[in-house]
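Undergrad: Please find the sequence and the predicted model below.
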Amino acid sequence: MLYWLQQHSICCFLDNNQYQYAHNRLECLGAAGAINSFAPEKGDALQDLDKFCNQQNDWLFGHFAYDLKNEIEPLVSSHPDNIGFPDIFLFQPETIIQLQQNKATISCINNQPALVFKQISETEVPVISNNGSINIQARLNRQEYINTIEELRQHILRGDCYEMNFCMEFFAEHSTIQPVAVYQQLNALSPNPFSCFYRVNHNYLLCASPERFLQKTGNKLISQPIKGTIQRSADNIQDEQNKDYLLQSTKERSENVMVVDLVRNDLSKICTENSVQVEELFGIYSFPQLHQMISTITGTLQPGISMTNILRATFPMGSMTGAPKKRVMQLIEQYEHTRRGIFSGAVGYITPDNNFDFNVVIRSIMYNANNQYLSYQVGSGITFYSNADQEYEECLLKAKAIEKVLQ
């Protein structure tokens with residue numbers, strides 16, 4: 001199915017890897033071909049979003065890139081963009097495939113579902129070969145990273161902000177990869193509940209995200225920010241001790257609760273009075289490489305609130321910015337060396353009845369096949385009590401699965 005999808009210049013494959021979490025809705029979705037698409041110019045991306053969504057009255061798949069922030073707040077993006085995803089891209093697919101346990105459902109606009117099933121069944125799956133020589137470079141070395149963290153701590157000390165998510169890029173130029181094969185390797189090594197393979201012409205996103213940005217079911221909104229990370233251990237006793245350490249960590253809990261407060265504030269702008277609740281605080285969830293601290297915030301959406309209204313209130317997500325959001329986004333532009341683009345944005349789907357589910361684009365490889373530029377970014381939450389060396393090591397830990405795949 002995946003190899004059949006990727007033959008289309010526009011496609012999206014979303015896989016929850018059979019995680020049985022609360023609020024899971026769909027196990028696996030594939031969308032191929034674009035009957036209609038929405039890719040406005042930068043600066044006008046939000047203006048016609050609601051009109052496009054309302055006109056289609058159908059499934060839509062796609063993304064919101066981090067730099068959409070420039071339309072929500074008076075901000076700019078000064079760094080070059082070597083990947084090139086648009087700020088918004090949504091498409092109405094020609095074919096949708098839903099997998100649920102032992103059932104596959106194929107829906108088409110112009111094709112015959114039986115023919116699509118036959119094509120998928122006959123699609124050749126090549127043997128995964130080595131990626132060849134990929135020369136990964138760090139945009140910042142360790143000392144430059146440490147110096148930056150110390151500068152950010154001074155901003156926090158002066159009261160400019162409380163917490164900030166600071167990211168750095170690893171990149172490779174003149175690189176040729178097989179995107180589907182790399183995604184399969186990444187997903188095998190690090191299966192996560194918000195994984196996706198996403199192609200928009202020559203731009204590829206290979207994503208192994210554990211984090212949900214926002215889900216809408218009826219009039220209920222659900223956000224599940226992640227703040228708090230610790231490594232898994234092969235020793236079961238040590239692994240349980242690591243989980244307990246994460247749960248009890250004052251630093252990790254303070255970071256998490258700051259983001260929870262930020263998300264509560266964002267949701268309160270568009271939810272009915274007194275409906276915003278913290279359903280779970282400091283939940284510890286285990287993934288192949290890491291234990292993560294995840295909190296769940298819910299709210300009841302006010303009547304008449306559109307997709308544009310929701311994005312203006314909640315995007316970008318607090319876990320990838322910090323608090324207060326506008327000021328830390330200014331500092332991100334000042335201190336980071338790479339445009340985030342689709343990284344720390346969101347990929348997902350909108351249903352015909354206006355429900356939706358979008359992830360947070362982290363633990364991801366971005367690839368531009370035209371200019372053969374490959375990139376991945378990692379970051380962590382910085383507070384005044386952050387240890388720069390430890391934060392650097394946390395970034396390397398988060399990049400471990402990607403690094404292993406590319407090597």
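TA: All right, it came through fine. Since the model is a prediction, treat every value here as computed from it, not as a measurement. Numbers count the residues shown, from 1 in each chain.
Undergrad: Please make it C-alpha for all contacts and neighbour counts, starting now.
TA: OK.
Undergrad: From one end of stretch 223-242 to the other, what's the distance?
TA: For stretch 223-242, the first and last residues are 25 Å from each other (CA to CA, to the nearest Å).
Undergrad: and that stretch, which residues are buried?
TA: Residues 223-233, 239, 242 are the ones in stretch 223-242 that count as buried (16 or more other CA atoms under 10 Å).
Undergrad: any chance of those in CSV, with distance to Glu394 too?
TA: Output for the buried residues of stretch 223-242, formatted as CSV (distance: CA to CA, whole Å):
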residue, distance to Glu394
Ser223, 24
Gln224, 21
Pro225, 18
Ile226, 14
Lys227, 12
Gly228, 10
Thr229, 8
Ile230, 8
Gln231, 9
Arg232, 12
Ser233, 15
Asp239, 17
Asn242, 14
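Undergrad: What about the residues you listed, which are in strands?
TA: In strands, defined here by DSSP state E, the members of those are 223-224, 226-231.
Undergrad: Next, give me the two most distant ones among the buried residues of stretch 223-242.
TA: Farthest-apart pair in those is Ser223 and Ser233; separation 28.5 Å (CA to CA).
Undergrad: Tally up the residues packed near Asp261, please.
TA: Other residues within reach of Asp261, judged by other CA atoms under 10 Å, total 15.
Undergrad: cool, and Lys216?
TA: Here the number of neighbours of Lys216 (other CA under 10 Å) works out to 20.
Undergrad: what does Asn256 give?
TA: Look at Asn256: counted by other CA under 10 Å, it has 23 neighbours.
Undergrad: So it, which state does it fall into?
TA: Recorded secondary structure, Asn256: helix (DSSP: H, G, I helix; E, B strand; the rest coil).
Undergrad: of all the ones in strands among the buried residues of stretch 223-242, which comes closest to Arg158?
TA: Using CA to CA, Lys227 comes nearest to Arg158 of these, at 23.3 Å.
Undergrad: Look up the closest residue to the closest one, ignoring the ones flanking it.
TA: Closest residue to Lys227 apart from its sequence neighbours, by CA to CA, 6 or more residues apart in numbering: Asn256 at 4.9 Å.
Undergrad: One more: Ala181?
TA: Once flanking residues are discounted, Ala181 sits nearest to Ile128: 5.8 Å by CA to CA, 6+ apart.
Undergrad: Tell me the spacing between the one you found and Thr176.
TA: 14 Å.
Undergrad: tell me which element the most centrally placed residue in the chain is part of?
TA: The centre of the chain sits closest to Val361, judged by CA atoms, centre = their mean, with a distance of 1.6 Å. Remark: Val361 resides in no helix or strand, with elements defined by DSSP states H and E.
Undergrad: surely it meets Gly348?
TA: No. At 10.1 Å, Val361 does not count as touching Gly348 under the criterion of CA atoms under 8 Å.
Undergrad: isn't there a helix covering Thr95?
TA: No. Assessed with three-state DSSP, Thr95 is strand; it does not lie in a helix.
Undergrad: Now do the residue nearest to the centre of the chain against Gln47, distance only.
TA: Look at Val361 and Gln47: by CA to CA, they are 23 Å apart.
Undergrad: do the same with Gln137
TA: Going from Gln137 to Gln47 by CA to CA gives 38 Å.
Undergrad: Please say which of Ile128 and Thr176 ends up with more neighbours.
TA: The neighbour comparison of Ile128 against Thr176 (other CA under 10 Å) goes to Thr176, with 19 against 12.
Undergrad: so where does the more buried one fall, helix or strand?
TA: Thr176 is part of no helix or strand when elements are defined by DSSP H and E.
Undergrad: what separates it from Tyr367, distance-wise?
TA: Thr176 is 9 Å from Tyr367, where distance means CA to CA.
Undergrad: same question, Ser295
TA: From Ser295 across to Tyr367, the span is 31 Å (CA to CA).
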